[in-house]
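Engineer: Quick check, what structure comes out for this input:
(one chain, ligands or ions: 3)
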Amino acid sequence: MEAGGVGLALQTRAAGFGTGRRRGGLQSPIGSLRVADPAGATVAVRARGSKPVAPLRAKKSSGGHENLHNSVDEALLLKRKSEEVLFYLNGRCIYLVGMMGSGKSTVGKIMSEVLGYSFFDSDKLVEQAVGMPSVAQIFKVHSEAFFRDNESSVLRDLSSMRRLVVATGGGAVIRPVNWKYMKKGLSVWLDVPLDALARRIAKVGTASRPLLDQPSGDPYTMAFSKLSMLAEQRGDAYANADVRVSLEEIASKQGRDDVSKLTPTDIAIESLHKIESFVIEHATDNAAGDTQAESQVQRIQTL
Ligand SMILES: Nc1ncnc2c1ncn2[C@@H]1O[C@H](COP(=O)(O)OP(=O)(O)O)[C@@H](O)[C@H]1O
Ligand SMILES: O=C(O)C1=C[C@@H](OP(=O)(O)O)[C@@H](O)[C@H](O)C1
Ligand SMILES: [Mg+2]
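Structural biologist: Numbers count the residues shown, from 1 in each chain. Ligands and ions are numbered 1, 2, ... in the order given. Purely as a prediction, here's the structure:
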């Protein structure tokens, strides 16, 4: 059973630039989205502003990856690709899915900034809706099922909106009803090898991810074994996404044998490429857009 609606005046961190249009706030069925001042724009290009590309800043995030872009070329590529994709998207929302640590929140912010979309992290919205400071606390005080009900409510409420990039929680894919909501937009699966996921998680710790939190043991080994179990349990759920972005594929295109050097911007660019190809390929189906999404959801429900 789903919990009630989010029902709060949601506040989200600003999608970083092209902000004039959005400063006044975006009215939505789930409240007024108040866009705060951009704090430390993470991408040094403008979505469609008139200014030239600003000098790149190597921004050290709390998560530890130091460079969002490798080069000016990369930043320009991101900007160009986003302008093309905006045209095809026509306001449709983007939902990022993938395992914990796959970069949904990090890549999602970059994509929202460059597209001039608003960014939402469904974990943060659940925290706000429940009135608790962390997902870990929600799991502890209530339960995983309670969290999942609220996660579904948040996704339901977001699904009636446009021009959003939503970073979902890693487990959102397991409930068929969530696909009903996500299929209103475009879903993108960030497919990251388990080894890379475990390395990232070991680096930042597991305190904020209750399903991975272990009282003792080597952080990499513990994370790897839990993630492997979850990946197996979740089976093909991620493959329901419209688009798959494989880090191994990106690395191989770049002639690298390891995904660890790929920046969030590399991944955002590839995501935009894949979204563009998907939308172009399905353009003729768009007239029957909702019907097509509904039949996909029915297929997911019967799996
Ligand atoms: N391309 C990347 N390379 C290295 N570390 C990354 C990359 N993308 C994200 N990270 C780091 O991995 C961790 C998990 O990223 P996050 O965006 O929170 O993932 P998710 O939302 O999918 O759980 C964070 O510490 C983040 O800084
Ligand atoms: O995979 C999961 O079941 C979960 C992923 C988390 O989000 P991230 O994927 O952003 O870490 C969060 O929703 C919760 O801890 C459960
Ligand atoms: Mg996240």
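Engineer: so who does Glu144 touch?
Structural biologist: Glu144 is in contact with 210-211, counting by CB atoms under 8 Å, 6 or more residues apart in numbering. Every residue, glycine included, has its C-beta placed from N, CA and C.
Engineer: swap the cut-off to 10 Å and go again
Structural biologist: Each residue near Glu144 by CB atoms under 10 Å, 6 or more residues apart in numbering is listed here: 135, 138, 151, 171, 210-211.
Engineer: and of these, the nearest to ligand 2?
Structural biologist: Gly171 (2.6 Å; CB to the nearest ligand atom).
Engineer: From Val259, how far out is the closest one?
Structural biologist: 23 Å (CB to CB, to the nearest Å).
Engineer: before we move on, what about Ser277?
Structural biologist: Per CB to CB, Ser277 is found 21 Å from Val259.
Engineer: Ile94 now?
Structural biologist: 22 Å.
Engineer: Next: Phe224.
Structural biologist: Going from Phe224 to Val259 by CB to CB gives 15 Å.
Engineer: And for Lys203?
Structural biologist: The spacing between Lys203 and Val259, counted by CB to CB, is 15 Å.
Engineer: Within the helices and strands, which one has the residue lying closest to Asp258 once chain neighbours are set aside?
Structural biologist: Closest residue to Asp258 apart from its sequence neighbours, by CB to CB, 6 or more residues apart in numbering: Ala251 at 6.5 Å. If you go by DSSP states H and E, Ala251 is part of helix 247-253.
Engineer: do the helix or strand following that helix and ligand 1 meet?
Structural biologist: Where DSSP H and E defines the elements, the next helix or strand beyond helix 247-253 is helix 264-281. Yes: judged by CB under 6 Å from any ligand atom, helix 264-281 comes into contact with ligand 1 at 264, 267.
Engineer: could you pull out the helices for the stretch 101-250 of the chain?
Structural biologist: Remark: helices assigned in the stretch 101-250 of the chain by DSSP state H, counting those that start in this stretch are 104-115, 122-130, 135-141, 144-158, 176-182, 194-204, 219-234, 247-253.
Engineer: So Lys203 and Val259 - more neighbours on which side?
Structural biologist: More neighbours surround Val259 than the other of Lys203 and Val259, with 21 against 14 (other CB atoms under 10 Å).
Engineer: Which residue, neighbours along the chain excluded, lies closest to that one?
Structural biologist: That would be Leu247: by CB to CB, 6+ apart, it lies 4.1 Å from Val259.
Engineer: about what we covered before: hang on, the residue nearest to Asp258 packs against Lys261?
Structural biologist: Yes: proximity of Ala251 to Lys261 meets the contact threshold set by CB atoms under 10 Å, at 7.7 Å.
Engineer: Compare those two (neighbour count), which wins?
Structural biologist: Counted by other CB under 10 Å, Ala251 and Lys261 do not tie: Ala251 has more neighbours, with 19 against 12.
Engineer: picking that back up, tell me who's in contact with the residue nearest to Asp258.
Structural biologist: Counting by CB under 10 Å, 6+ apart, Ala251 touches 193, 196, 257-262, 266.
Engineer: Then Leu96 would be within a strand, right?
Structural biologist: Yes: Leu96: assigned to a strand according to DSSP: H, G, I helix; E, B strand; the rest coil.
Engineer: Contacts only, for the residue positioned nearest the centre of the chain.
Structural biologist: When CA atoms, centre = their mean is applied to the chain, the residue found nearest the centroid is Ala167 (2.7 Å). Contacts of Ala167 were listed using CB under 10 Å, 6+ apart, and they are 94-98, 102-109, 111-112, 119-124, 190.
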